[in-house]
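Colleague: no FASTA, just this:
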């Protein structure tokens, strides 16, 4: 397969967008479900502390949105291939 700068840039933007979503937006979403246990600032401080300490579970938390996006994209791609071959 030929290297395509436009495709590479698109994939990079999807990756960065998912990472930013998981680091900036997901803690806010979780905050609304766990209001009795954490404050928002405490949640962010623990998240960034875990990231910089190298805890393995937090890397899964950060990469999970990207993994889900890629999984959904692969399903859509598979459906398109199956439909194309059947026609």
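Modeller: That came through fine. If you're wondering where the values come from, they're calculated on a predicted model, not measured in any experiment. Residues are numbered from 1 along each chain as shown.

Colleague: who does the longest helix that the chain contains touch, helix- and strand-wise?
Modeller: Assignment by DSSP state H gives helix 56-86 as the longest helix of the chain. Applying 3 or more CB pairs under 8 Å, 6 or more residues apart in numbering; DSSP states H and E, one finds that helix 56-86 makes contact with helix 5-20, helix 40-53. C-beta here means a position set from N, CA and C on the backbone, and glycine is covered the same way.

Colleague: hmm, try it at 10 Å
Modeller: Counting contacts by 3 or more CB pairs under 10 Å, 6 or more residues apart in numbering; DSSP states H and E, helix 56-86 packs against helix 5-20, helix 26-33, helix 40-53.

Colleague: Give me the distance between that helix and the centre of its chain.
Modeller: Per CA atoms, centre = their mean, to the nearest Å, the displacement of helix 56-86 from the mean C-alpha position of its chain is 11 Å.

Colleague: returning to what we had before: so which of the helices and strands packed on helix 56-86 gets nearest residue 76?
Modeller: helix 5-20 (13.5 Å; CB to CB).

Colleague: The helices and strands packed on helix 56-86: lowest mean pLDDT?
Modeller: Mean pLDDT is lowest for helix 26-33 out of these, coming in at a mean of 84.

Colleague: just to revisit the earlier point, mind putting the helices and strands packed on helix 56-86 into a markdown table with mean neighbour count and distance to residue 72?
Modeller: A markdown table is the format used below for the helices and strands packed on helix 56-86 (neighbours: other CB atoms under 10 Å; distance: least, CB to CB, whole Å):
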| stretch | mean neighbour count | distance to residue 72 |
| --- | --- | --- |
| helix 5-20 | 12 | 11 |
| helix 26-33 | 13 | 17 |
| helix 40-53 | 13 | 25 |
